[in-house]
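Mind folding the following:
(chains A and B)
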Number of protein chains: 2
Amino acid sequence: MSSSHFNDHIDRTPANYQPLTPLQFLQRAAAIYPIHTAVIHGDTRISYAEFYARCRRLASVLASRSIGPGDTVSVMLANTPPMLDAHYGVPMTGAVLHSINTRLDPHVVAFQLDHANTKLLIVDREFSAIMKEALALAKVKPIIIDYDDKEFPQSGERHSSDDYEELIAQGDAEFAWRMPLDEWDAITLNYTSGTTGNPKGVIYHHRGAALMCYANTIETGMGLHPVYLWTLPMFHCNGWCFPWSLSVVAGIHVCLRWARAKAMYQAITDHGVTHLSGAPIVMSTLLNATDDERLPISHRVCVNHAAAPPPQSMLDAMTAAGFHLTHLYGLTETYGPATVNEWNSDWNKLDDTTCARKRSRQGVRYVALEDLSVMDPVTMTRVPADGETLGEVMFRGNIVMKGYLKNPIATQKAFAGGWFHSGDLGVLYPDGYIQLKDRSKDIIISGGENISSIEVEDVLYKHPAVAYCAVVAKPDEKWGETPCAFIELRPGAAATADELIAWCREGLAHYKCPRYIVFAEVPKTSTGKIQKFKLREMAKKA
Amino acid sequence: MSSSHFNDHIDRTPANYQPLTPLQFLQRAAAIYPIHTAVIHGDTRISYAEFYARCRRLASVLASRSIGPGDTVSVMLANTPPMLDAHYGVPMTGAVLHSINTRLDPHVVAFQLDHANTKLLIVDREFSAIMKEALALAKVKPIIIDYDDKEFPQSGERHSSDDYEELIAQGDAEFAWRMPLDEWDAITLNYTSGTTGNPKGVIYHHRGAALMCYANTIETGMGLHPVYLWTLPMFHCNGWCFPWSLSVVAGIHVCLRWARAKAMYQAITDHGVTHLSGAPIVMSTLLNATDDERLPISHRVCVNHAAAPPPQSMLDAMTAAGFHLTHLYGLTETYGPATVNEWNSDWNKLDDTTCARKRSRQGVRYVALEDLSVMDPVTMTRVPADGETLGEVMFRGNIVMKGYLKNPIATQKAFAGGWFHSGDLGVLYPDGYIQLKDRSKDIIISGGENISSIEVEDVLYKHPAVAYCAVVAKPDEKWGETPCAFIELRPGAAATADELIAWCREGLAHYKCPRYIVFAEVPKTSTGKIQKFKLREMAKKA
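Numbers count the residues shown, from 1 in each chain, chains lettered A, B, ... in the order given. Coordinates of the predicted model:
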């Protein structure tokens, strides 16, 4: 029999083929759990029926302003209800959601607005000053809608007479929203944080977003009705796709305008939060809370952490504080998390040090990612699975971005050889788990030897006086480069440069130890990533 | 901005597009949990690494016999390890798996072998006699491999000198298996049980099977490492896709050659079974176990039941016995379950009768199904959501079959108007939940009034003497049709026809009550479905 018998006269029809999209998960949740709470924001409670209606109202408002397929709707919003609405309401019109990092400077915002060709913009009054500057710099002249948060009133100047809540109140709750024509159609646009050069516009499609919903639900162990605290900014990789994922299991979104310790503990205890996500900064905020900010937690709280390899001491402290950790890793280009440190129950029998080493690995591919490897980027062959040979972490599968907007060269380069090149360096262990060692540009090459800055930082973090640290290369006449450490001390703690260098020598080969120590605030991006390119400039002068 | 900016120079590449397939879930589970048990069969334990190796060995053996893309490999196997292997090993070569119902008569088996154009056949010795007859009737002459179950030795005559376990032991555990070229490619072939006419060959594709894996995992509340007892025959809709689904969460398959009460209780207690599935026959087997077959169960066992609307009394008894029920519904054409009675926690407050009514509904669409409705098949409009207006249950989405093999007319008819027509009659409630009322051909029309046979059966099942019952139409000169009930009494119980008719009159409008009662064994298909077409023949003579 030729394969054709299984294809003859058998076409895709609306009966047996529909584009994958996360939009349908909300429609379903609203139909099944209409009175169940979908969103908590201050004293506001929004049910699933209301949440779905708000999204349709937003879509109808956008459509009435001629927003449609392929248009860009930009938003500069905190983790508030309109941000959740936008994740559904914008793609319901066929348009593409572009969430702007709220901590960017006006020049970068203006670049993004022009590059994305923003047609309509929704702005929270908290960010109106910066947006005013950005709009003055930008060439595009989008329609503007202000969001006035009644729960947490902001005093920023309004851009227009259009108020978000007033507009959607007049919108059509029964609006006939648009399924994507193709699951490969764009759903959102996220700019890389751009540690160097112009940010790149990463395009997500409906297919990838829908598959992430399944994968997030399964990988983070969400049963029905999880309670999810928004500690991770939704402008960051669309909140790792959790704004959509929660609709699969009719979870509760607990909004959070500012990820501050007191508000986090309050929300966790008041609403019985079961899950939260974030960069290590979220964990350190929880851990460094003062006694009057901290509240006792008696239920299980799962913390999905990613974005930067966390220091071992932080993982230990979080576990000791009773949080259940899931270690994820990914990039903007992989819709957020694309690997998970899947925990083998037999590892619980291992000694603490070995267990800790297992916990610090980035792990294995997400269930919706088809392949993950550490490869030599020149030969495109996998490195030996010896836990030592450095290579570039590469991804392949349906939760890798569609491509970069208007940047075919960068897209082609990123996908060279049929794999997405992450730019992160790592090793592959015999059991197939990967561990990050560094960004390729963050590696320090001293006397021809590669030094992983993360390895040095891990040792420094174990010192009781160190609150934050970052190690970068400093140009050196003799060695080419030499490690230079930037240190933030804990409040009230003290340590000298000599003490810290001696500390490193206890735990590291001498050539890996920093020869320069700088006590200074460590510059971080809005998503908590340390900005090593700035430190490298500072190191030159150290 | 035109929509093209989000598509310009952005192509699918192996880096960001891979065909969806359940095969990758096993590869992943084997890589992450190599030493974790995948399969239990008698005293045999197969780890995930071994399971994956067995599948690749099987694929290599098939490839060495020239099996490749588009070929059909048929199997007649019980719920044993080779059946699990076949779900992966056959599609790993690009071939299509055809699982034969082990209780069919030789003529139907021969029809299927010819229609599917079977190229290779794997047969358990338990079924060798029937297969011998079927092969004598069939035109195709497939390569045959016998399976000799060392755990439960069978005495049936061998067809060939090729023994399954010997062959795969010589196979290649590192075989480079083949990803589907297209996720729309066929993965399996399942023949409808064919209550009338020739069975139709339902084609599943990789895309639908992969999406079912996510949906099954989420809908049946499987966390990591569930223990799944194989009470549902894997030849039935590929075991509702659970042979693949368990790989998502590295679950344990507990094989079961015969779904008998004692073995079921033994497996549940010995292996800590967390989930099992089946038609109502599985529940009645558990409930009707004798004292020496039954064992006390102290842990939570989730029972996914479907295939026929179960009588209310059975649901109550199962809940009383401590089983956690999930009510699913679907057809061969929907990969098994495509609806789920999603339980709203606020219903727990309802009184028993209302709660029971909620429990007996088939529910809402599965999370991977895009749309579900009850429609007038002529106008193709939705019936009013009043819980009363009868219509045909229709499905639309990615877990609807690819089509019927070599049957374009049936395929076209099934998909008319862009919906899959189930042939089942139901109603739509105001909250969007559906309830089955009957197969369209099972409805009884008496004096112009529609009578749901299920409604009558539900009343009869409440009678303490009734073990099994089925109500069908009997031709009637005056009324056109009139209900005729077939009754199997419980062992030791007694009831007269008059008593049962009087019983019905207590709970039903008189015109709905059976005017004829026949005490006889109720004929069932191999999957536990009552064969009403046979009963209608019998009713004519009653």
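
which helices and strands does the helix or strand of chain A with the lowest mean pLDDT pack with?
Every helix and strand of chain A was ranked by mean pLDDT, DSSP states H and E. The lowest is strand A:449-451, at a mean of 75. Applying 3 or more Cβ pairs under 8 Å, 6 or more residues apart in numbering or on different chains; DSSP states H and E, we find strand A:449-451 packed against strand A:444-446. Every residue, glycine included, has its C-beta placed from N, CA and C.

related to what we said a few turns ago, now do the buried residues in the least confident helix or strand of chain A.
A:Ile451 (16 or more other Cβ atoms under 10 Å in any protein chain shown).

Quick check: next helix or strand after it?
helix A:453-461 (DSSP states H and E).

Kindly state the pLDDT recorded for A:Ala15?
As predicted, A:Ala15 sits at a pLDDT of 96.

Could you check how far it is from chain B?
4 Å (Cβ to the nearest Cβ, to the nearest Å).

do the same with A:Asp162
21 Å.

That residue: how many residues sit nearby?
16 (other Cβ atoms under 10 Å in any protein chain shown).

same question, A:Ala317
By other Cβ under 10 Å, neighbour count at A:Ala317 equals 16.

Next: the one 4 residues further on.
Applying other Cβ under 10 Å, we find 14 other residues in the vicinity of A:Ala321.

and if you look at the one 4 residues further on?
Per other Cβ under 10 Å, the neighbour tally for A:Leu325 reads 18.

Which secondary structure state does the closest residue to chain B within the stretch 51-200 of chain A sit in?
The stretch 51-200 of chain A approaches chain B most closely through A:Gly70 (2.6 Å), counting by Cβ to the nearest Cβ. A:Gly70 falls in the coil class when you classify it by DSSP: H, G, I helix; E, B strand; the rest coil.

what does the one 4 residues further on give?
With three-state DSSP as the basis, the three-state label of A:Ser74 is strand.

Tell me where the model's unsure across the stretch 101-250 of chain A.
A:193-197 (pLDDT under 70).

Check chain A too.
For chain A (pLDDT under 70), the answer is A:1-4, A:193-197, A:307-309, A:440, A:448, A:525-528.

if we can go back for a sec, tell me the neighbouring strands of the least confident helix or strand of chain A, and mark each as parallel or antiparallel.
Its sheet considered, strand A:449-451 pairs with strand A:444-446 (antiparallel) by DSSP bridges.

which residues touch the strand it pairs with?
Residues outside strand A:444-446 that contact it (Cβ atoms under 8 Å, 6 or more residues apart in numbering or on different chains): A:450-453, A:471-473, A:476, A:479-483, A:511-512.

Which parts of the stretch 251-400 of chain A are strands?
Applying DSSP state E, counting those that start in this stretch to the stretch 251-400 of chain A gives strands spanning A:252-254, A:275-278, A:302-305, A:324-331, A:336-340, A:364-365, A:371-376, A:381-382, A:391-396.

Name the stretch among those strands that sits most buried.
Comparing these by mean neighbour count (mean count of other Cβ atoms under 10 Å in any protein chain shown), strand A:336-340 comes out on top with a mean of 28.

on that earlier part again, contact partners of the least confident helix or strand of chain A?
Contacts of strand A:449-451 (Cβ under 8 Å, 6+ apart): A:Leu390, A:Ile443, A:Ile444, A:Ile445, A:Pro483, A:Tyr511, A:Lys512.

Derive a PyMOL selection command for the buried subset of those residues.
Burial among those is assessed by 16+ other Cβ under 10 Å; the matching PyMOL selection reads:
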select buried, chain A and resi 390+443+444+483+512
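
which SS class is A:Thr45?
For the record, residue A:45 is Arg, not Thr. strand.

could I get the strands of the stretch 251-400 of chain A as JSON lines with distance to B:Val248?
Shown next, in JSON lines, are those (distance: least, Cβ to Cβ, whole Å):
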{"stretch": "strand A:252-254", "distance to B:Val248": "25"}
{"stretch": "strand A:275-278", "distance to B:Val248": "19"}
{"stretch": "strand A:302-305", "distance to B:Val248": "18"}
{"stretch": "strand A:324-331", "distance to B:Val248": "16"}
{"stretch": "strand A:336-340", "distance to B:Val248": "13"}
{"stretch": "strand A:364-365", "distance to B:Val248": "13"}
{"stretch": "strand A:371-376", "distance to B:Val248": "17"}
{"stretch": "strand A:381-382", "distance to B:Val248": "25"}
{"stretch": "strand A:391-396", "distance to B:Val248": "19"}
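
would JSON lines of these with distance to chain B be doable?
JSON lines is the format used below for the strands of the stretch 251-400 of chain A (distance: least, Cβ to the nearest Cβ, whole Å):
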{"stretch": "strand A:252-254", "distance to chain B": "13"}
{"stretch": "strand A:275-278", "distance to chain B": "14"}
{"stretch": "strand A:302-305", "distance to chain B": "12"}
{"stretch": "strand A:324-331", "distance to chain B": "11"}
{"stretch": "strand A:336-340", "distance to chain B": "9"}
{"stretch": "strand A:364-365", "distance to chain B": "5"}
{"stretch": "strand A:371-376", "distance to chain B": "8"}
{"stretch": "strand A:381-382", "distance to chain B": "13"}
{"stretch": "strand A:391-396", "distance to chain B": "5"}
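
Wasn't A:Leu104 part of a helix?
No - counting by three-state DSSP, A:Leu104 is located in no helix; its state is coil.

re the thing from before, would you agree the residue of the stretch 51-200 of chain A closest to chain B is in contact with A:Thr93?
No - if you go by Cβ atoms under 8 Å, A:Gly70 and A:Thr93 don't touch, sitting 10.3 Å apart.
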